[in-house]
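Q: Pasted the sequence and its predicted model underneath.
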Amino acid sequence: MVEIIPNWHPLFVHFTVALWIISFVFYLLAAFSRNESNKQQWKIVARWNLWAGFVLTILTVAAGWYAYNTVNHDAASHAAMTVHRNWALVTTAIYLVLTVWSYRNMRDGKIEGGLFIIIMLVATVLLSSTAWRGGELVYRHGMGVMSLPDSAEHSHATSGEHDNSDGHHDVE
């Protein structure tokens, strides 16, 4: 297996987030469309994104669980990882319900109604919060990075011009 440093979670999570947000957007388009042809097409796109997002989420959660148990961390980052993990598990559970609900509706020839859209909205807000917390792990706690740069080694001039004493040249 190809080693992704530090693990596969960052690769999979971006697909999960993108597919589920796109799904929500297309469900909204379908819900508010007056054109029946567009409504049907957008619902198909929404469903496929929801389902593909859930399949990738299985990999995302597995890789996240592995990362949670293997990346180096301190007490503060452990607490942040635990909060992120808990949000992710709740969000995943809600999307599992939505995925099954959507599949059953498709199978039975039913449509997803207003309650489904409201729960999708809630799930999308939870997804956004979970993603934000994951970003905090990387950018605030340095989780999952090999090393942090030493910012003292590089600075920019206060006038907005780049200090070229390090051998780098500005491109115009």
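A: Thanks, I have the structure now.
Q: which stretches of the protein form helices?
A: Using DSSP state H, the helices of the chain run over residues 9-32, 36-70, 75-108, 114-139.
Q: Can you tell me which of those helices is most buried?
A: Of these, the one with the most neighbours on average (mean count of other C-beta atoms under 10 Å) is helix 9-32, at a mean of 19. For every residue, glycine as well, the C-beta is placed using N, CA and C.
Q: Mind checking the pLDDT average for it?
A: For helix 9-32, mean pLDDT is 92.
Q: name the helices or strands packed onto it?
A: On a contact count with 3 or more C-beta pairs under 8 Å, 6 or more residues apart in numbering; DSSP states H and E, helix 9-32 meets helix 36-70, helix 114-139.
Q: Return the member of those helices having the minimum mean pLDDT.
A: Per-segment mean pLDDT for the helices and strands packed on helix 9-32 reaches its minimum on helix 114-139, at a mean of 88.
Q: quick one on the thing from earlier: turn the helices of the chain into CSV, columns for distance to A152.
A: Shown next, in CSV, are these (distance: least, C-beta to C-beta, whole Å):
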stretch, distance to A152
helix 9-32, 27
helix 36-70, 29
helix 75-108, 22
helix 114-139, 19
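Q: measure the most centrally placed residue in the chain to L11 for me?
A: Centroid-nearest residue in the chain: V17, 3.1 Å away (criterion: C-alpha atoms, centre = their mean). In this view, V17 and L11 are 12 Å apart by C-beta to C-beta, to the nearest Å.
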